[in-house]
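Provided below for reference: sequence and predicted model.
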Amino acid sequence: MKAKWGFRAARAGGPAKPGSERLKRLARSLDALARKDENGMRRAQEIGALRRQAAGELHGICGDFVRGLNQLLAEIKLEFHPEQYGPDSFQDVGINLFQINARGRILQIKFEATPELVSTEDFRVPYILAGAVRCFNQQLLEKDLIEEQLLFYTIEKSRHLWRFFDARTYRSGPFDGDYLAGLMEHLV
């Protein structure tokens, strides 16, 4: 006789006895499941905190670049939005956006959390945040050309860092002030 869900009916001996080996194995399995769930929740909290920290680092890299360049400029001033960005500013669901504007020459940085805690789908090094850096000006927009490079916050064994990846040339490197300067040079 089969039960409603396809299980066989209990043996003639009736339900499992409280001290039986079967119940002991089941209890160990359920306890292991609880530990696994707790570890998974702890890992998710750690990744969430790391994502907020990484977003702040990215904002800091961009802010330092803008402040450093503005100190050297005499005729214009770069704009950076948002000017302030704290851990609560990070949106775990949805797109986060930073923008550097030099009189219509724009560097736009967008990023978001990966659907999984850690991914390797679009980049060979494990990452927890992914996005893109776009650069454009009016002339490029008129030609429907927007330069775009991918952006990843990688979690390597020895370090965590923001990296860019150019899918056309397979060039990759750290996202830093030198990288931003190179992008801006293409726009002027």
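Looks like it arrived, so ask away. Numbering: from 1, shown residues only.

which element is the residue lying closest to Gly63 once chain neighbours are set aside on?
With CB to CB, 6 or more residues apart in numbering as the criterion, Gly63 has its nearest non-adjacent residue at 6.1 Å, and that residue is Phe80. (Each C-beta comes from the backbone N, C-alpha and C, glycine too.) Using DSSP states H and E, Phe80 maps to strand 79-81.

am I right that the residue nearest to Gly63 is in contact with Phe98?
Yes - at 7.4 Å, Phe80 counts as touching Phe98 under the criterion of CB atoms under 8 Å.

of the two, who's got more company?
When neighbours are counted by other CB atoms under 10 Å, Phe80 and Phe98 differ, and Phe98 comes out ahead with 22 against 19.

which strand residues bridge that one?
Taking DSSP bridges, one obtains Ile109 as the residues bridged to Phe98.

how far away is it from Glu21?
Relative to Glu21, Phe98 is positioned 59 Å away (CB to CB, to the nearest Å).

how far is stretch 104-124 from where the chain is centred?
The chain centroid and the centroid of stretch 104-124 are separated by 6 Å under CA atoms, centre = their mean, to the nearest Å.

do stretch 37-46 as well
With CA atoms, centre = their mean, you get 17 Å for stretch 37-46.

all strands for this protein, in order.
79-81, 96-102, 105-113, 127-136, 147-155, 160-166, 171-174 (DSSP state E).

export those strands to TSV and tack on mean pLDDT?
Shown next, in TSV, are the strands of the chain (pLDDT from 0 to 100):
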stretch	mean pLDDT
strand 79-81	95
strand 96-102	95
strand 105-113	94
strand 127-136	94
strand 147-155	93
strand 160-166	95
strand 171-174	94
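
quick one, what contacts the residue nearest the centre of the chain?
With distances taken as CA atoms, centre = their mean, Leu129 lies nearest the centre of the chain, 1.0 Å away. If you count contacts by CB atoms under 8 Å, 6 or more residues apart in numbering, Leu129 has them with 51, 54-55, 111-114, 152-153.

format the residues you listed as TSV; extra columns: neighbour count.
TSV is the format used below for those (neighbours: other CB atoms under 10 Å):
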residue	neighbour count
Arg51	22
Ala54	22
Ala55	24
Phe111	23
Glu112	17
Ala113	24
Thr114	19
Phe152	27
Tyr153	24
